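**Student:** Below is the sequence, then the predicted model.
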Amino acid sequence: MPDSDPKAPQRPGPWPPAPLPDAKAMPPSTWAKKTGFRPKFSGEANASDSGQISLQPKPKEPDTSLDLEAGRAPASTPANGVAHRDKVPPLSPPKDHVVKKRRDSDGVPKSSVSSINGQAAAPPPPPPPPGRRTASHENIVDDDGLVSRNSHMKYDLRDSPGLVPIGVYGIQHYVSILGSLILIPLVMVPAMGGSREDTSAVVSTVLFVSGMTTLLHTNFGSRLPLIQGPSFVYLAPALAIINSSEFQGLNENKFKHIMKELQGAIIIGSAFQTFLGYTGLMSLLVRLINPVVVSPTIAAVGLSFYSYGFPIVGTCLEIGAVQILVVIVFSLYLRKISVFGHRIFLIYAVPLGLAITWAVAFLLTEAGVYNYNGCDINIPSSNMVSEHCRKHVSKMKHCRVDTSYALESSPWFRFPYPLQWGTPVFHWKMALVMCVVSLISSVDSVGSYHASSLLVASRPPTPGVLSRGIGLEGLSSVLAGLWGTGTGSTTLTENVHTIAVTKMGSRRAVQLGACFLILLSLVGKVGGFIASIPEVMVAGLLCFMWAMLTALGLSNLRYSEAGSSRNIIIIGLSLFFSLSVPAYFQQYGISPHSNSSVPSYFQPYIVASHGPFRTQYGGLNYFLNTTFSLHMVVAFLVAVILDNTVPGSKQERGVYVWSETEVARREPAVANDYELPLRVGRIFRWVKWVGL
C-alpha cells in the first residue's frame, strides 16, 4: 500500500529557509528606535526573554562568508551593548523550542569590537545538553530554556546552589569588604571625643544596620546583590560637622552631643533622598548622570582624604608602612595565586594584611621593643619631666597594641537599639549639607547599579527600579540615623569590585551573609576587638581603601570613550577643581583662625564659621562654606554642567542604557531579576515611576 511505504528522505533545501508567504517584518520596538537598531530580518526587533534579539531569517542566498566549521557568522559592531549580526544568522532551532541568548554576565567586551556600557558582541557556541543552571565557563541552558553565557561569574543573580555554598560565599563577600564596614567608625568616633568603648558600640551598630539595610535593599530595593553600609561619601561632611567651632568648647558628653547632631542631619538628608527616589524624580535626574559625571565624583571622594592617610602612618612608620606594603603585595604581586581554587590574596588582601601586621606589632610589643625605662603611656606628655620619655611617647602611643582596653571592657552581648545616644537634634544648616551629600550618594549608587547589573543580571534595571532602589537607600539611611551610626547607609562602591573578584553574584548569598553580620553585631566582643585596632594600622588600610575608591571611580570611564579629548578635558577639569576650589575655602580654616585643639589633618574641615562666604545669614554661610569645601561636591558640579552642555554623541559620553519598562514587563528574565517578592510588586504597578 502506498500509505505503508516509508517516505523517501528529502534533500535539504536552500539555507536559510524562506519564510511563509504571509510573513511580514514587524516594526521596531521602542528600544530599537532609541538605540538605532535597524531590522534586517523578519521579526528581528522582537525582544526575547533574556533582553537580546530573536532573529528570524528572511529569504537570502547562502553567504560564502559563513564559517561552516564554527557554525556561525562573523559578529558585527553592537549598538548600545546589544549584539546583532549583519550576515547569516545561526541555525534555526525547532519551532517548539526557541533558544534565546543572554548577554555575557561579565559585562566587559571580550572582543576588539567597540561597544557601549560594557557589553560586547560575542557569537554563541553550540549549546550543550539542557540542564540546571550552574557555574560554568561555557554556554548552558537554564531551567527556562535560556542560553546563558556565564563565562566568568560562578553564580548569577537568581542562582541558589545550596545552603553551604551560599553561606561560605556570603561570609566571604563580607569579609572581603571588611575595611569598608569598620574603618569609618574608627576615624569618626575618636574625632568626636569618644572613648574606645564608644567606638566598640558604634562598630557593633554599624554591623547591625548594614546587615538589616542590605536585607531590605536586596528584597525591596534594586534587588541587586549590593551591600549597604557606611560610605566614605558621608565621611567628609561628617568631619566638617564634627569640627564645627560650636562644638570645640564641649568637654562633657561631647561624643553624644555631636552624635545627636549628626543623627538629625542624616535623618533629614535621608528623607530628601527618599523623596527623590519614590516620587520618581530620580528617574528624571538620572538623564544627567553618565559615566563622565560618576567617574570624577567618586574619584574625588578617595582623593579628598590625602591629608589623613600617610601623616598618621608616619607616626609609627615601621608598622604603618609594613601594613601598606603587605596589602599591596597581596593585592598586586600575589593576586593570581590560587589556593583551593580561590585567589585568597586578592580577595582577602585587607583582612589578611591587617592580621599579619597586627601579629607583628603584637610580637614587637611583647618583646619590649617599645618599652622605655621610667616612661608610662598613661601619663600625659605635658606632665613628663624626662626629656627621654617625651621623645618616645609618640612611639609608645602609636606603635604599641596594648594601649586600648576596649576588648576587656566590652560586654559579650550587646543589642543595638534606636536612639541609643539620645533624641536627635535638628539644625537646618547641617541638614542642608546632608541633603547635598545624599544627592552625591545617589550618583554613586547609579554607577554601582549599572556596573553590577552587567555582571549578574540579564539586563540593566529600568528607571523605575533605579528610583525604587534610591528611595529605599534613603529609608535605610533614615534607619542608620535613628540607630546612630554617624553616617548614612548607601551602596558600597567597593562591592562591585568584590563581585567581579569573587565571581559571586547570588542575591541569596548576600542575604545570608547579612544575617550572619546581624548575629555578629550582637556579640559585643567583636566590636571591642575591632575598636582595639591601632590607629596607625587603620590609616595604613585607609591609604589602600581610598586609593581603590579613586580607581573604582575612574574605572567608570570604560563605559565611555576614554580617549575622547572632550571627556579627557572634562575629567581633568573636574578633578583639578575638586582639589583646588576646596583648598581655597579650607585656607580660611587654617589661617588666621587656626584652632590648635584640632589635629592638623582635621584642620581643612573647620571652615564653616569663617570661610569666604560672610553674609548676614550665619546659617547660609555655614552651608555654602561647608558645601564648597567638599571635594566630591565640586567635582560633581563641574562634571554634570560640562557633560550636559558640551556637545558629544551618546557613545562618546557613554550614556547609561537602562531597560525599557514595557520591554522588561514582557520579558520573564528581567521580571524575575527585579520584580518585588511576596506580591509586593502589585502595589507598585499603580506607581509606574518606581515599578518594574
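**Tutor:** Noted; the coordinates are in hand. These numbers come from a predicted model, not from an experiment. Residues are numbered from 1 along each chain as shown.
**Student:** Now do the strands in this protein.
**Tutor:** 100-101, 139-141, 146-149, 228-230, 489-491 (DSSP state E).
**Student:** roughly how far apart are the closest residue to Leu215 other than its chain neighbours and Gly486?
**Tutor:** With C-beta to C-beta, 6 or more residues apart in numbering as the criterion, Leu215 has its nearest non-adjacent residue at 5.0 Å, and that residue is Ala514. Heads up, the C-betas are built off the backbone N, CA and C, glycines and all. When distance is defined by C-beta to C-beta, to the nearest Å, Ala514 is 20 Å away from Gly486.
**Student:** what's Phe613 in contact with, if anything?
**Tutor:** Shown here is Phe613, whose contacts under the criterion C-beta atoms under 8 Å, 6 or more residues apart in numbering are 620-621, 624-625.
**Student:** and those residues, which two are the farthest apart?
**Tutor:** Farthest pair in these (C-beta to C-beta) is Leu620 and Asn625. Separation: 9.4 Å.
**Student:** So for those two, which sits in the more crowded spot?
**Tutor:** Neighbour totals were compared for Leu620 and Asn625, and Asn625 leads with 22 against 13 (other C-beta atoms under 10 Å).
**Student:** Can you report how many residues lie near Arg665?
**Tutor:** The burial count for Arg665: 15, using other C-beta under 10 Å.
**Student:** tell me the pLDDT at the residue nearest to Leu215?
**Tutor:** Note for Ala514: predicted pLDDT of 94.
**Student:** Start at 581, not 1
**Tutor:** Understood, numbering begins at 581; the last thing we discussed is Ala1094.
**Student:** How about the contacts made by it?
**Tutor:** The contact partners of Ala1094, by C-beta under 8 Å, 6+ apart, come to 750, 754, 790-792, 794-795, 798, 807.
**Student:** 10 Å instead?
**Tutor:** Applying C-beta atoms under 10 Å, 6 or more residues apart in numbering, one finds that Ala1094 lies in contact with 750, 753-754, 790-798, 807-808.
**Student:** swap in Ile757?
**Tutor:** Taking C-beta under 10 Å, 6+ apart, one finds 807, 809, 927, 930-931, 1072-1075, 1077-1078, 1082, 1125 in contact with Ile757.
**Student:** let's see 8 Å
**Tutor:** Taking C-beta under 8 Å, 6+ apart as the definition, contacts of Ile757 comprise 807, 809, 1072, 1074-1075, 1078.
**Student:** can you check Leu1153 too?
**Tutor:** Residues near Leu1153 by C-beta under 8 Å, 6+ apart: 1218, 1222.
**Student:** would you list the contacts of Ala1094 in CSV and tack on pLDDT, neighbour count and distance to Tyr1236?
**Tutor:** Supplementary listing: those in CSV, determined by pLDDT from 0 to 100; neighbours: other C-beta atoms under 10 Å; distance: C-beta to C-beta, whole Å:
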residue, pLDDT, neighbour count, distance to Tyr1236
Gly750, 85, 23, 29
His753, 84, 24, 25
Tyr754, 88, 24, 28
Ser790, 95, 27, 27
Gly791, 95, 25, 29
Met792, 96, 22, 29
Thr793, 96, 29, 24
Thr794, 95, 29, 24
Leu795, 95, 19, 27
Leu796, 95, 18, 24
His797, 95, 29, 20
Thr798, 94, 23, 22
Ile807, 94, 25, 22
Gln808, 94, 30, 21
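**Student:** and of those, the nearest to Pro1248?
**Tutor:** Thr798 (20.1 Å).
**Student:** Next up, the contacts around the closest one.
**Tutor:** With C-beta under 8 Å, 6+ apart as the criterion, the residues that contact Thr798 are 804-806, 1087, 1090-1091, 1094.
**Student:** lowest confidence element among the helices and strands of the chain?
**Tutor:** Lowest mean confidence among the helices and strands of the chain (mean pLDDT, DSSP states H and E): strand 726-729, at a mean of 35.
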